[in-house]
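Asker: fold the following, please.
(2 chains)
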Amino acid sequence: MKNHPAQTCEHPPLEVPDVFPLEDRDEALDELRQLLLEPEQEALRKLQERLDNPKKRAYDISRVLPEALVLCSSQNAALAKELTPQMDKLINASIGKNSKIFIKTLSRMIGPATRSALSEKIQGMNQALADSFSLRGLKWRWEAFTTGKTFAEVVMLHSLIYRVEQAFLIHKETGLLLQNVVAKDVVSHDADLVSGMLTAIQDFVKDSFKTSGEEGLETLQVGELSVWIEEGPQMLLAVVIRGQAAIELRTVLRDALESIYLEQAEVLETFQGDNSTFEEIKPYLEICLEARYKSESGKRAPYFWTLFTMFGIAISVWIFFTWRDHQQWTRYLDKLRKQPGIVITSAEKHRGTYVINGLRDALAPDPRKLIEKADFSHLKLIMNWKPYYAMNPAFILDRSKQVLQPPESIDLTYENGALKAKGSAPHQWIAETRILARAIPGVFKFWSDQVIDADLKQLNQVKKQLEIRRFYFKLKTTEFSAVKSNALPALLTDVHNVLNIAEILNQKVHIQIKGHTDSSGTERKNSDLSLKRAQQLRSFLIRKGVSPAKLTVIGVGSSEPQRQELADEDKQFNRRVTFRVIAKPPLRE
Amino acid sequence: MIQKKICLLGSFAVGKTSLVKRFIHGKFSDKYLTTIGVKIDKKIVHTADFTAKLLIWDLAGEDEFQKVRLEYLRGASGYLLVADGTRRETLNKALILKEGAKAVIGKKPFVLLLNKADLDGKWEIEPNLVNDFVQKNWIVMTTSAKTGHGVEEAFQILTREMLERENN
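Answerer: Below is the predicted model:
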């Protein structure tokens, strides 16, 4: 803007000549003022005009208002505080005057929000169920398997509290179907006919029971299905529900009816059977297709805890069995290690199989028999045993007994490498044992000096018996005097016994048959007679099968009297035959 | 598609249900007639000019045990008034029912059907009587549920009447 007043101040004061009349001067002054102040006046005039004109003022304010509001709200909360009550009043007034706009706006927001929330919930539940392998889940799977239903169906039947499966919007007066929606996977009948029949039933009930006013049938119950009917202005909303619906559903139905009415009131007023405009209100009906499941957020916990508990139990059981197995395994190894005749060289567990390697004396007990009941019976146990000779005294003694097979009359002991035998045993055993004993591992000496040779003892007995045997003869003859009838067979038995036992003992023996006479007669005659007497018994024995080689005879006459012949009675004791067993080398007593 | 509710009105045993059966293969069992007094069927009617969905309410005929439930007429755009041509009294009854219908739904298009046209020899309705109705601008047709004579046309004519009335 130009600064006119400043410019004028720089000029010298204007000299006005006094040649003009007064009125002319005023005029001139005005003219001058006009000339000088015209731009300012014009600006003032425009300003005044803007202030006086409400439209222009509104335009001006509108240009700065947003900025002003931003400034206000950023600096303090006073504006909001002042405006809130005013806004409340405005909204109240607006709803009171015309609630349609608000209902429309809100229902547009609520519909999609509810659907979205519901679908998320169902999806979440499906996921939870699909993932579940709880006892109940398994039970349901079994039920699905046995009944031929799909698993999803079984789950739905068990977990569904209720589900609105169909919704019919029906023109009240004509019974014509305005719109209907059906939940996914639900098989529906002809909606037009259902709608007509529902209206008919409604009319029938109203007429039959003469209910007051507009009240009609509200609920139909058929098995697990129920039909809820909500009446609105000129319309019926009927929903088919599976399960037990919550009473709040009524509110949902009423709200839907109201919203629909608000949108379609004009169409309904003049309804002539054309339901094409009701396509738009489908979302309101879809809101009614509600489903509630037992499985809500947080209900996943039981599944989780069931799983967790099962897992915990499984782990505990596993730990217990592993610990028990380990205990049994250790105990068993200890037992084996203490066992004489068993040496463990390695013991390990490999992929659930227990493997033991070691040495085992044949006389040691069977390792498998050492397993206690319920010890390793359920486990895989592999044992590899290499044979060996255990060197502890008990084992050496046992081994000796096994090898030598001593008769009961023999007592074997083992000490410091020496095996001692005590008692009596057949000659052959003693002879074999002397050879075998030293071959037994762990036996370095064998003492058998306390072993009596049972056969030799018997030989001495039968020898003694034979050698005390006497045969007496009559004077100057080879005829027996007063011999017992069994004397000859008894002689034969003694001879056989001596020869047999001597053979067992591997002794070279023969029996000397010696003939005697008394002192009467000549020496020469006596010698012949004594020989004959001996030969007579030899012949008898040979006749009875005794080998002649084992029998020698000798006649000694009267040179070896048994008694002094003081009287004749004494002579008969000297006329005799005696026997002697002669051995080379001589028999030991 | 435009939908219309129509009713079948008439005495007991005039052949209403048979007419509907001839026109359409019904879905609901006839027992509804004796239980709640109405049976509903649906048929889409096509003609060169229009297509409409008819919801046909077959009202149980009146007999000594059961009165026609006229409240079922409510919301109907038209009706078929059925009489048995071989029984004069059924025509009288139809006329009474027509008055009842008027009381419930007002003046609505209707077609008077004289059914059982196949039983020509037993016909009891004089032509001059029919002429009287025609004079009154009623639509009167003879039909036979047995042969199908006039059935399809009756429904079509009623539909046309209803639609024309609506457009006017």
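
Asker: what does chain A have sitting close to chain B?
Answerer: Listed as neighbours of chain B in chain A under the rule Cβ under 8 Å from any Cβ of the partner chain: A:171-177, A:189-190, A:192-193, A:196-197, A:199-201, A:203-204, A:206-207, A:272-276. To be clear about C-beta, it is placed using only N, CA and C from the backbone, and glycine gets the same treatment.

Asker: now those: which count as buried?
Answerer: Buried subset of the residues of chain A next to chain B (neighbour count, 16 or more other Cβ atoms under 10 Å in any protein chain shown): A:171-177, A:192-193, A:196-197, A:199-201, A:203-204, A:206, A:272-273, A:275.

Asker: restricted to helices, list the residues you listed.
Answerer: A:D192, A:L193, A:G196, A:M197, A:T199, A:A200, A:I201, A:D203, A:F204, A:K206 (DSSP state H).

Asker: so what's the fifth one up against?
Answerer: Taking Cβ atoms under 8 Å, 6 or more residues apart in numbering or on different chains as the contact definition, A:T199 lies against A:I170, A:K172, A:T174, A:G175, A:L236, B:G75.

Asker: which of these fall in strands?
Answerer: Taking DSSP state E, the ones among the contacts of A:T199 that sit in strands are A:I170, A:L236.

Asker: which one among the contacts of A:T199 gets closest to B:K5?
Answerer: Using Cβ to Cβ, the shortest approach to B:K5 within those belongs to A:T174, at 4.5 Å.

Asker: next up, phi/psi of the nearest residue to that closest one once chain neighbours are set aside, please.
Answerer: Excluding the flanking residues, the one nearest A:T174 by Cβ to Cβ, 6 or more residues apart in numbering or on different chains is B:G75, at 3.2 Å. The phi/psi pair for B:G75 (degrees, to the nearest 10) reads phi 90, psi 0.

Asker: how much space separates B:G75 from A:F311?
Answerer: Distance of B:G75 to A:F311, given as Cβ to Cβ, to the nearest Å: 65 Å.

Asker: check A:E67 too.
Answerer: Separation of A:E67 from A:F311 (Cβ to Cβ): 65 Å.

Asker: got it, and B:F50?
Answerer: 71 Å.

Asker: without its sequence neighbours, what residue ends up closest to the residue nearest to the spatial centre of chain B?
Answerer: Chain B has B:L80 as the residue nearest its centroid, 2.1 Å off, counting by Cα atoms, centre = their mean. For B:L80, ignoring the flanking residues on the chain, the nearest one in space by Cβ to Cβ, 6+ apart is B:L8 at 5.0 Å.

Asker: what about that neighbour, neighbour count?
Answerer: 25 (other Cβ atoms under 10 Å in any protein chain shown).

Asker: equivalent analysis for the one 3 residues further on, please.
Answerer: One way to gauge burial is a neighbour count; for B:S11, by other Cβ under 10 Å, it gives 23.

Asker: in the sheet, who's paired with it?
Answerer: Beta-bridge pairing of B:S11 under DSSP bridges involves B:E62.

Asker: gap between B:R160 and chain A?
Answerer: Here B:R160 is placed at a distance of 14 Å from chain A (Cβ to the nearest Cβ, to the nearest Å).

Asker: ok, B:K16 next?
Answerer: For B:K16, the distance to chain A - Cβ to the nearest Cβ - is 16 Å.

Asker: same question for B:V45.
Answerer: 12 Å.

Asker: so which strand or helix has that residue?
Answerer: Taking DSSP states H and E as the definition, B:V45 sits inside strand B:38-46.

Asker: how far out from the middle of the chain is that strand?
Answerer: Mean-position distance between strand B:38-46 and its chain equals 12 Å (Cα atoms, centre = their mean, to the nearest Å).

Asker: tell me the strands beside it, with direction?
Answerer: Its sheet considered, strand B:38-46 pairs with strand B:51-59 (antiparallel) by DSSP bridges.

Asker: setting the sequence-adjacent residues aside, check what's closest to whichever residue of the stretch 251-400 of chain A sits closest to chain B.
Answerer: Going by Cβ to the nearest Cβ, chain B is nearest to A:G273 of the stretch 251-400 of chain A, at 4.2 Å. Distance criterion Cβ to Cβ, 6+ apart; nearest residue to A:G273, sequence neighbours excluded, is B:Q3 at 4.2 Å.

Asker: ok but the one you found is inside a helix, no?
Answerer: No - read with DSSP: H, G, I helix; E, B strand; the rest coil, B:Q3 is strand and lies in no helix.

Asker: residues contacting it?
Answerer: Neighbour list for B:Q3: A:T174, A:L176, A:L177, A:D192, A:G273, A:D274, A:N275, B:A52, B:K53, B:L54, B:L55 [criterion: Cβ under 8 Å, 6+ apart].

Asker: report pLDDT for it.
Answerer: You'll see B:Q3 listed with a pLDDT of 92.

Asker: residues in a beta bridge with it, which ones?
Answerer: For B:Q3, the beta-bridge partners under DSSP bridges are B:K53.

Asker: quick one, phi psi at the closest residue to chain B within chain A?
Answerer: Residue nearest to chain B within chain A: A:T174 (3.2 Å; Cβ to the nearest Cβ). Backbone geometry at A:T174, expressed as degrees, to the nearest 10, gives phi -90, psi -20.

Asker: list the contacts of it.
Answerer: A:T174 neighbours (Cβ under 8 Å, 6+ apart): A:T199, A:F271, A:G273, B:Q3, B:K5, B:L55, B:R74, B:G75, B:A76, B:S77.

Asker: redo these as JSON lines? Include distance to A:A362.
Answerer: Output for the contacts of A:T174, formatted as JSON lines (distance: Cβ to Cβ, whole Å):
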{"residue": "A:T199", "distance to A:A362": "102"}
{"residue": "A:F271", "distance to A:A362": "110"}
{"residue": "A:G273", "distance to A:A362": "109"}
{"residue": "B:Q3", "distance to A:A362": "105"}
{"residue": "B:K5", "distance to A:A362": "108"}
{"residue": "B:L55", "distance to A:A362": "104"}
{"residue": "B:R74", "distance to A:A362": "111"}
{"residue": "B:G75", "distance to A:A362": "109"}
{"residue": "B:A76", "distance to A:A362": "112"}
{"residue": "B:S77", "distance to A:A362": "113"}
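
Asker: among the residues you listed, who's most crowded?
Answerer: Counting neighbours by other Cβ under 10 Å, A:T199 comes out on top of these with 31 neighbours.

Asker: what pLDDT is listed against that residue?
Answerer: Per-residue pLDDT puts A:T199 at 87.

Asker: what do you get for B:T147?
Answerer: 88.

Asker: tell me the secondary structure for it?
Answerer: From three-state DSSP, the assignment for B:T147 is coil.

Asker: what does it show for phi and psi?
Answerer: Main-chain dihedrals, B:T147, degrees, to the nearest 10: phi -100, psi -20.

Asker: and the nearest residue to it once chain neighbours are set aside, what does it touch?
Answerer: Distance criterion Cβ to Cβ, 6+ apart; nearest residue to B:T147, sequence neighbours excluded, is B:D118 at 5.3 Å. Counting by Cβ under 8 Å, 6+ apart, B:D118 touches B:S144, B:K146, B:T147, B:H149.

Asker: B:D118 should be in a strand, yeah?
Answerer: No - when classified by three-state DSSP, B:D118 is found to be coil rather than part of a strand.

Asker: separation between it and chain A?
Answerer: From B:D118 over to chain A the distance is 30 Å, taken as Cβ to the nearest Cβ.

Asker: any weak-confidence spans in the chain?
Answerer: By default, I'm working from chain A. Applying pLDDT under 70 to chain A flags residues A:1-22, A:73-77, A:104, A:107-134, A:156-157, A:159, A:211-215, A:293-302, A:372-379, A:585-589.

Asker: can you look at chain B instead?
Answerer: Looking at chain B by pLDDT under 70, you get B:25-35, B:64-66.
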